[in-house]
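> After the sequence you'll find the predicted model.
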Amino acid sequence: MSSVVETVRALVTPIVDENEFELVDVEFVKEGKNWFLRVFIDKPNGIDIEECAIVSEKLSEKLDSLDPDPIPQAYFLEVSSPGAERPLKKEADYIAALNEYVHVSLYQSIEGEKQYEGFLKTLNEEELTLLIRIKTREKEIRVARKNIAKARLAIQF
């Protein structure tokens, strides 16, 4: 389904650019019996529902005008904010998340764990450092960037 994501990304990028929004992510996923095309957009002070509607309408028009249809099956189009737990996809996302509380899922475990939450303290091309809390003590853990399956902002409880 990556061709659907690539096609939609190419179609929606000019729409978000002309409105001075940021394209955070595009995903095409099946949940239960239904397919969902999700487009996540943002801007510095947050995105509102009217702005999501503008992008949704323009993208829907572009998708409907394509022949052949790049998405032959029925699907639901959702355009929204990435929310408080925004994914970290691009380098700029990681830089903006420095000193923020993040959740990281790994391909290979480190010290027996494949998921960590903590403060993103340092970042370079090869690795990042998280300040994690284990009961009452804090510890820094280094994570190779190639070992990161997913990363996102997290809410600390």
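Happy to help now that I have it.
> can you pull out the helices in the chain?
2-18, 49-65, 91-96 (DSSP state H).
> As a markdown table, the ones you listed with mean neighbour count, mean pLDDT and distance to residue 83 would be great.
To be clear about C-beta, it is placed using only N, CA and C from the backbone, and glycine gets the same treatment. Shown next, in a markdown table, are the helices of the chain (neighbours: other C-beta atoms under 10 Å; pLDDT from 0 to 100; distance: least, C-beta to C-beta, whole Å):
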| stretch | mean neighbour count | mean pLDDT | distance to residue 83 |
| --- | --- | --- | --- |
| helix 2-18 | 15 | 93 | 17 |
| helix 49-65 | 15 | 96 | 12 |
| helix 91-96 | 13 | 94 | 14 |
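> could you dump those helices to a markdown table with distance to residue 142?
Shown next, in a markdown table, are the helices of the chain (distance: least, C-beta to C-beta, whole Å):
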| stretch | distance to residue 142 |
| --- | --- |
| helix 2-18 | 31 |
| helix 49-65 | 38 |
| helix 91-96 | 15 |
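> how close does the residue lying farthest from the centre of the chain get to residue 103?
For the chain, the residue at maximal distance from the C-alpha centroid (C-alpha atoms, centre = their mean) is residue 136, at 31.2 Å. Going from residue 136 to residue 103 by C-beta to C-beta, to the nearest Å gives 21 Å.
> Then residue 3?
From residue 3 to residue 103 the distance is 29 Å (C-beta to C-beta).
> same deal with residue 127?
Distance, residue 127 to residue 103, using C-beta to C-beta: 17 Å.
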